[in-house]
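Sequence first, predicted model second:
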Amino acid sequence: MLSFTKTIFKILIVISCLFLWSEISSGLEETPTSGKGVITSPSLNVRVGPDRNQGVIQILHKGDEVQILSYQGEWVKISYQKKEGYIRNRERYVRIVHSPELSREAKKDIDVKKKEIEAEKEIEAKRKIEAEKETEAKRKFEAERKLEAERKVHEAKGKSKNIDLEIQKHQAQIQNFSNEETSIINGLDDMELALNRVNVQVRKIRSDLSSLDEKMRKITSDSIKLQQQIRVTEEYIAKRISALYKLNLIGPMHILASADSVYDFIYRKFAMERILEYDDEVLAHHKENKKKLAMGLSDLDNQKKEKVFLESDLSKQIQIMTQKRTRKKDLLKDIQDKKTLELAAIDSLKQAAQALDQTILSLHVEPKKKISRKSASPFNEFKGLLKRPVKGKIISFFGPYQEGKYKVLNYRSGIEIKAERGEPIQAVHSGIVLYSGWFKSYGNMMIIDHGEHYYTLYAHAEELFKSKGDYVEAEEVIATVGDTASMTGSNLYFEVRHRGEPMNPLNWLGDS
């Protein structure tokens, strides 16, 4: 019944509108007249046409006299200072004085127009009233429908009081499950960071051991040389002792007294003093060598003890690293086997990619020192000519891809190049290092600014040889390949960006 009433009401509105339009259209025809008018408004716009949206050609002021040319609906066409235009036919705007011969006819026409306008207003008022009634009816209908819906919900709750409790319990389980997965993914990144620290520690210990071995070799070599010098010195001292013993038996005065002349006497005395002085130097040098030998042997003993300690520490660190790698391998297997974990990992990668975007946009660094660069060509001139940063096979490509066995759609902003751990990574072009360090989900990462807002990114590295602010040459070794924060083993993740937006690296690399 309500629907039928609405239909009838709509038909009446359409008919009324058609009738109103026909009346208005007939009323818009111009009615020629003659007379004058006096402006009663402080200011009044004269428009190009009988419409408030038409442009203003001049402004009249109170007291101005205008020539009345014709009427068009509620507008009157006037002439003022040889310009013709339209103004609203309202008493508060203009007081019209008609010519005697057309005054009665014009007044009659004005009365007709006023009645038509009043009729239009009355129809519009009725239409608004009907619209308000329809709106009120709709509101009442919606309120009744809402009450009915609430009643049904209340009845459903009455029939099953435990539904809300079950829903809350289920939601809590989902939340706990989600928290657990997020914790696992974050734990993987923490493990990657810890594993990287252990790697750094292992490399440092190995470097210290290498330096220690070199130092021990030097100490051993120096000790052997000292021992040889000591043996030579001891042989010389033994001969000198024997000579001095014989000299003591003869007596030094006998040697001096046997001189043939005063000159020979003085020469022999000077020679004996020089010999004795040299003997003192030899003995002092002998004592110093023995002291150095004792210190060297003591230092060698300490170095051996330190080496034993470092080797023990290295063994422990390698054991820890092995355990962490095993744990990482198990976690990666869990992520690959469990859809929810895989989705959580993908979401973590997306968040890391967004963080990387923001980081790149915010990065800016000045070189550590003034560098006299060679006149290198701009980066964009090497499109399709750049040498690959590392030798290896491309295993992941730029753009959208399906992740894991569950085929989850994701987007990759770079490429992955499979390479052995420790392979040298080269800069594809000269530039300044913007970032060098650990970045979540990317591991050890380096970003190089090549100028003109072009950047290259190198991630999952084992070691980074350059620091923030360093200048690098094209094809200079900047890092080594690793598997830090990588879910696909040892590889290099490589990106090319312009103004922060990733571009397909394959369009920039040559056929190498």
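Thanks, I have the structure now. The structure presented is a predicted model; accordingly, all values stated were derived computationally and were not measured.

Need the distance between the two termini of stretch 52-68.
Distance between the boundary residues of stretch 52-68 (C-alpha to C-alpha, to the nearest Å) amounts to 19 Å.

List the contacts of it.
For stretch 52-68, the surrounding residues in contact (C-beta atoms under 8 Å, 6 or more residues apart in numbering) are 33-48, 76-81, 83, 85-87, 94, 96, 98. Any C-beta I mention is one placed from the backbone N, CA and C, and that applies to glycine too.

residue boundaries of the helices in the stretch 51-200 of the chain?
Counting by DSSP state H, counting those that start in this stretch, the segments of the stretch 51-200 of the chain that form helices are 103-159, 163-250.

my bad, should have said the stretch 301-450 of the chain
Under the criterion DSSP H, counting those that start in this stretch, the stretch 301-450 of the chain carries helices at the ranges 339-362.

Strands of that one, residue ranges please.
Along the stretch 301-450 of the chain, the stretches classed as strands by DSSP state E, counting those that start in this stretch are 393-396, 399-403, 408-412, 415-418, 424-426, 431-439, 443-449.

related to what we said a few turns ago, selecting buried members of the contacts of stretch 52-68 in PyMOL, what would you type?
Paste this into PyMOL to select the buried members of the contacts of stretch 52-68, with burial taken from 16 or more other C-beta atoms under 10 Å:
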select buried, resi 33+35+36+37+39+41+44+45+46+47+76+77+78+80+85+86+87+94+96+98
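
Which of the contacts of stretch 52-68 fall within strands?
Judged by DSSP state E, strands contain the following of the contacts of stretch 52-68: 33-39, 43-47, 76-80, 83, 85-87, 94, 96, 98.

where does the stretch 351-500 of the chain have low pLDDT?
Low-confidence regions of the stretch 351-500 of the chain, defined here as pLDDT under 70, cover residues 351-353, 356, 360-361, 363-376, 403-408.

residue contacts, the spatially closest residue to residue 396 that is not a sequence neighbour?
Once flanking residues are discounted, residue 396 sits nearest to residue 416: 3.8 Å by C-beta to C-beta, 6 or more residues apart in numbering. Residues counted as contacts of residue 416 (C-beta under 8 Å, 6+ apart) are 394, 395, 396, 488, 491, 492, 493, 494.

Swap in 7 Å and give it another go.
For residue 416, the residues meeting the contact criterion (C-beta atoms under 7 Å, 6 or more residues apart in numbering) are 395, 396, 488, 491, 493.

Over to residue 43?
The neighbours of residue 43, taking C-beta under 7 Å, 6+ apart as the test, are 59, 61.

in the sheet, who's paired with it?
The partner list for residue 43 in beta bridges (DSSP bridges) reads residue 61.

From residue 67, how far off is it?
Going from residue 43 to residue 67 by C-beta to C-beta, to the nearest Å gives 19 Å.

what domains does the record give for this protein?
The chain breaks down by automatic domain parsing into domains covering 2-135, 172-337, 365-507.

where does the stretch 101-250 of the chain dip in pLDDT?
101-111, 113-114, 152-189, 191, 240, 243-250.

cutoff 50 now
101-102, 163, 167, 170-171, 173-177 (pLDDT under 50).

what's the longest strand in the chain?
strand 454-464.

Export stretch 86-95 to CSV, keeping only CA atoms.
Taking C-alpha atoms only, stretch 86-95 is exported to CSV below (Å, rounded to 0.1, in the frame of the first residue of the first chain):
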residue,chain,number,x,y,z
TYR,A,86,18.3,43.4,-17.1
ILE,A,87,17.4,44.1,-13.5
ARG,A,88,15.0,42.3,-11.1
ASN,A,89,11.4,43.6,-11.1
ARG,A,90,11.1,44.3,-7.4
GLU,A,91,9.7,47.3,-5.6
ARG,A,92,12.7,47.4,-3.3
TYR,A,93,14.9,47.6,-6.3
VAL,A,94,13.1,49.9,-8.8
ARG,A,95,9.9,52.1,-8.9
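
Report the buried residues of that stretch.
Of all the residues in stretch 86-95, those buried under the rule 16+ other C-beta under 10 Å are 86, 87, 88, 89, 93, 94.

will you turn the residues you listed into a markdown table that also has distance to residue 138?
As requested, the buried residues of stretch 86-95 are arranged in a markdown table below (distance: C-beta to C-beta, whole Å):
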| residue | distance to residue 138 |
| --- | --- |
| 86 | 41 |
| 87 | 42 |
| 88 | 37 |
| 89 | 39 |
| 93 | 40 |
| 94 | 44 |
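
want to try JSON lines for those residues, with pLDDT and distance to residue 198 as columns?
What follows is the buried residues of stretch 86-95, written out as JSON lines (pLDDT from 0 to 100; distance: C-beta to C-beta, whole Å):
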{"residue": "86", "pLDDT": "92", "distance to residue 198": "89"}
{"residue": "87", "pLDDT": "90", "distance to residue 198": "90"}
{"residue": "88", "pLDDT": "87", "distance to residue 198": "88"}
{"residue": "89", "pLDDT": "84", "distance to residue 198": "94"}
{"residue": "93", "pLDDT": "86", "distance to residue 198": "91"}
{"residue": "94", "pLDDT": "87", "distance to residue 198": "95"}
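
which residues are in contact with stretch 312-325?
Residues from elsewhere that reach stretch 312-325 (C-beta under 7 Å, 6+ apart): 191, 194, 195, 198, 199, 201, 202, 205, 206.

which SS state does residue 502 fall under?
Following DSSP: H, G, I helix; E, B strand; the rest coil, the label given to residue 502 is strand.

Relative to residue 402, how far out is the closest residue to it other than its chain neighbours?
Counting by C-beta to C-beta, 6+ apart, residue 502 lies nearest to residue 413, which is 3.7 Å off, once chain neighbours are set aside. Computed as C-beta to C-beta, the residue 413 to residue 402 distance reads 16 Å.

Output stretch 462-471 as CSV, nothing but the C-alphas.
Output for stretch 462-471, consisting of C-alpha atoms alone and laid out as CSV, is shown next (Å, rounded to 0.1, in the frame of the first residue of the first chain):
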residue,chain,number,x,y,z
GLU,A,462,78.4,-11.0,4.6
GLU,A,463,80.9,-8.1,5.1
LEU,A,464,80.7,-4.4,4.2
PHE,A,465,84.0,-2.7,3.3
LYS,A,466,82.7,0.9,3.0
SER,A,467,81.2,3.3,5.5
LYS,A,468,78.6,6.1,5.3
GLY,A,469,80.1,9.1,3.4
ASP,A,470,82.8,7.1,1.6
TYR,A,471,83.4,7.6,-2.1
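
Done for today, thanks.
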